[in-house]
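Asker: quick one, fold the following:
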Amino acid sequence: DIAFKKPITEKEVIEKFLPEECSISYINRPSYYSECGFVGYNLRLWETKVFVKRFLQMYTSLALINEEEWHDSFIFDRVREKMINEFKIKCYNLSPTIRKVGNPWIDTPMSEYMDHLKGKARKDAGEMLK
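Answerer: So this is what the prediction gives:
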């Protein structure tokens, strides 16, 4: 459900979306769960590898059934929050100036390069709806 508007280089992806000092890049929605349509993982850092292992374990061990919600974004936030508290991992918020919960993509640096066509109305329109 991603439509590219213009080409992007690997260098641009790293510089704009995936800072080397951060374990995870994600789209934060402060009053809601994160948007997981784009998540970046820096697998060069040991903390990120621990995160990925714990995230997977939430599903393989069925520990997620003890959470209020079971979908990927909710579980992602729970594991991320625990990792921040336990290891002080650095995460890069791709939407620091978010304007609304519904479609945070337009408030990210990715919107210069691509549209997130989540949902029927956006897919039918062929572009993100403001």
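
Asker: can we go C-alpha only for contacts and neighbour counts from here?
Answerer: Fine.

Asker: my guess is Phe4 contacts Glu112, does it?
Answerer: No. Taking contacts as C-alpha atoms under 8 Å, Phe4 lies outside contact range of Glu112: 9.2 Å.

Asker: what's the closest non-adjacent residue to Leu64?
Answerer: Met58 (5.2 Å; C-alpha to C-alpha, 6 or more residues apart in numbering).

Asker: how many neighbours does that neighbour have?
Answerer: The tally of other residues near Met58 (other C-alpha atoms under 10 Å) stands at 19.

Asker: just checking: what are the partner strands of the strand ranked longest in the chain?
Answerer: When the chain is parsed with DSSP state E, its longest strand is strand 35-41. Counting by DSSP bridges, the strands paired with strand 35-41 are strand 24-27 (antiparallel).

Asker: how about the partner strand: buried residues?
Answerer: Neighbour counts over strand 24-27 (16 or more other C-alpha atoms under 10 Å) mark 24-27 as buried.

Asker: what do you get for stretch 51-67?
Answerer: Buried residues in stretch 51-67, counting neighbours by 16+ other C-alpha under 10 Å, are found at 51, 54-55, 58, 64.
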